[in-house]
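Undergrad: Take this sequence and fold it.
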Amino acid sequence: MVSRAGFASLLGASFLLLLLRGAEPLGFSHRPMTAGDELSAAPSRYLTREERWLSQRLDHFSPTDHRQFNQRYFEFLDYHDDPTGPVFLRICGESSCDGLPNDYLAVIAKKFGAAVVTPEHRYYGKSSPFDSLTTDNLRFLSSKQALFDLAVFRQYYQEKLNSQYNRSAGFDNPWFVFGVSYSGALSAWFRLKFPHLTCGSLASSGVVLAVYNFTDFDKQVGESAGPQCKAALQEITRLVDEQLRLDSHSVKALFGADSLKNDGDFLFLLADAAATTFQYGNPDALCSPLSNAKKKGESLVETYAHFVKDYFIKKLGTTVSSYDQEYLKETTPDDSSMFK
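TA: Here you go, the predicted structure:
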């Protein structure tokens, strides 16, 4: 049997090999699958979408508050052919977690004979402790509480496996934790906070260091765009700023965003549409039409408006309302409506 240290080392080497071969990234999108995606998605998009539940403590740090809420999770045991085999804990981040995706993690799980489990983050999807997200209710939404949620879930599920396989209560499978972006940070912190609960973790793009006014992100977008596309985006910014001063309603309507009363919200939508395209690896969807428009002498602003409406909003399922700061003032928002 491979030791825990040996397993972690072997898993890390296999992951690097997959990256070198051009395997898909983690695929933890900030955007849940939309209703349209569900209709068109192949059955193999998810390993499972069968919901399971556990009772989770609302406040892990209060000795007197014993309130609990129902936390949703998913499990996939088809590859767990050896009861002593590893368990891969996939951390869901800041969005609804509607199942276990059939992605690269499934490939690794099959290779190592691992079980795959994922709990939904508190306050997202169906795992919200409250119906109303008032300021007072939101005080239990923190990365610290989320880390202890993961620890409780890990212990709960280990006991569940022990019971299922008729083992003594003290038996521990080797656990390995996966996460990307915010959940990547949780993955790294979980390994540091609870080293006895996991033999290793993968923190892909873990946002462990907060930087105020992080302009380097936008600089990288410009670098990734290349000189011509970057120049076109800068020209669009200048033209939109000018049109906002002259007739803000018309330019917002052109982008299908006339519901955004605040100009800053509108500009955030336009900037995020471009940044998201580069962040998730599809620059041609933006730069190719802009390049063609430039060559033909067509309006760059209108071309960009088509891109925002057809690609960013329609194809990616983004909503204009999710950029409206008034949305943040609602205490009973529909989490999924932001992405449909």
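Undergrad: Tell me where this structure has strands.
TA: Assigned by DSSP state E, the strands in the chain fall at 46-48, 52-57, 68-76, 87-90, 100-101, 115-119, 175-180, 200-204.
Undergrad: Show me how far the second one is from its chain's centre.
TA: Just to be clear, that refers to strand 52-57. The chain centre lies 21 Å from the centre of strand 52-57; the measure is CA atoms, centre = their mean, to the nearest Å.
Undergrad: coming back round to it: I'd like the strands of the chain as TSV, with mean neighbour count and mean pLDDT appended.
TA: C-beta here means a position set from N, CA and C on the backbone, and glycine is covered the same way. Converted to TSV, the strands of the chain look like this (neighbours: other CB atoms under 10 Å; pLDDT from 0 to 100):
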stretch	mean neighbour count	mean pLDDT
strand 46-48	19	95
strand 52-57	16	98
strand 68-76	19	98
strand 87-90	24	98
strand 100-101	24	95
strand 115-119	25	98
strand 175-180	25	97
strand 200-204	21	95
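Undergrad: okay if I get those as a markdown table plus distance to residue 324?
TA: Output for the strands of the chain, formatted as a markdown table (distance: least, CB to CB, whole Å):
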| stretch | distance to residue 324 |
| --- | --- |
| strand 46-48 | 31 |
| strand 52-57 | 31 |
| strand 68-76 | 28 |
| strand 87-90 | 32 |
| strand 100-101 | 29 |
| strand 115-119 | 30 |
| strand 175-180 | 27 |
| strand 200-204 | 31 |
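Undergrad: so which of those strands comes closest to residue 132?
TA: Nearest to residue 132, of all the strands of the chain, is strand 68-76, at 13.5 Å by CB to CB.
Undergrad: follow-up on the earlier one: closest one to residue 279 among the strands of the chain?
TA: Residue 279 lies closest to strand 175-180 among the strands of the chain, at 12.0 Å (CB to CB).
Undergrad: could you say what helices and strands the closest one packs with?
TA: Secondary-structure packing of strand 175-180 (3 or more CB pairs under 8 Å, 6 or more residues apart in numbering; DSSP states H and E): helix 4-20, strand 87-90, helix 143-164, helix 182-193, strand 200-204.
Undergrad: Report the separation between residue 84 and residue 171.
TA: 8 Å (CB to CB, to the nearest Å).
Undergrad: actually residue 272, not the one I typed
TA: Distance from residue 272 to residue 171, counting by CB to CB: 47 Å.
Undergrad: which one of those two has more residues nearby?
TA: residue 272 (16 against 13; other CB atoms under 10 Å).
Undergrad: show me the contacts for that one.
TA: Contacts for residue 272 were tallied using CB atoms under 8 Å, 6 or more residues apart in numbering; they are residue 323.
Undergrad: can you start the count at 36 instead of 1 from here on
TA: From this message on, residue numbering opens at 36, which makes the last subject residue 307.
Undergrad: Can you give me the distance of it to residue 253?
TA: From residue 307 over to residue 253 the distance is 11 Å, taken as CB to CB.
Undergrad: And for residue 228?
TA: Counting by CB to CB, the gap from residue 228 to residue 253 is 33 Å.
Undergrad: quick one on the thing from earlier: compare the strands of the chain and give me the one nearest residue 201.
TA: Of all the strands of the chain, strand 150-154 comes closest under CB to CB, at 16.3 Å.
Undergrad: List the neighbouring strands of that closest one plus their orientation.
TA: Sheet pairing of strand 150-154 (DSSP bridges) gives strand 103-111 (antiparallel), strand 122-125 (parallel).
Undergrad: okay, these in a markdown table with distance to residue 167 next?
TA: What follows is the strands paired with strand 150-154, written out as a markdown table (distance: least, CB to CB, whole Å):
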| stretch | distance to residue 167 |
| --- | --- |
| strand 103-111 | 14 |
| strand 122-125 | 30 |
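Undergrad: Which among the ones you listed is found nearest to residue 329?
TA: strand 122-125 (42.8 Å).
Undergrad: Would you agree residue 160 is in contact with residue 128?
TA: No: at 11.1 Å, residue 160 does not count as touching residue 128 under the criterion of CB atoms under 8 Å.
Undergrad: Name the stretch among the helices and strands packed on strand 210-215 that sits most buried.
TA: Of all these, strand 122-125 has the most neighbours on average by mean count of other CB atoms under 10 Å, namely a mean of 24.
Undergrad: what's next to that strand, contact-wise?
TA: Under CB under 8 Å, 6+ apart, the answer for strand 122-125 is 115, 135, 140, 143-144, 149-153, 185, 188-189, 192-193, 196, 208-214, 233.
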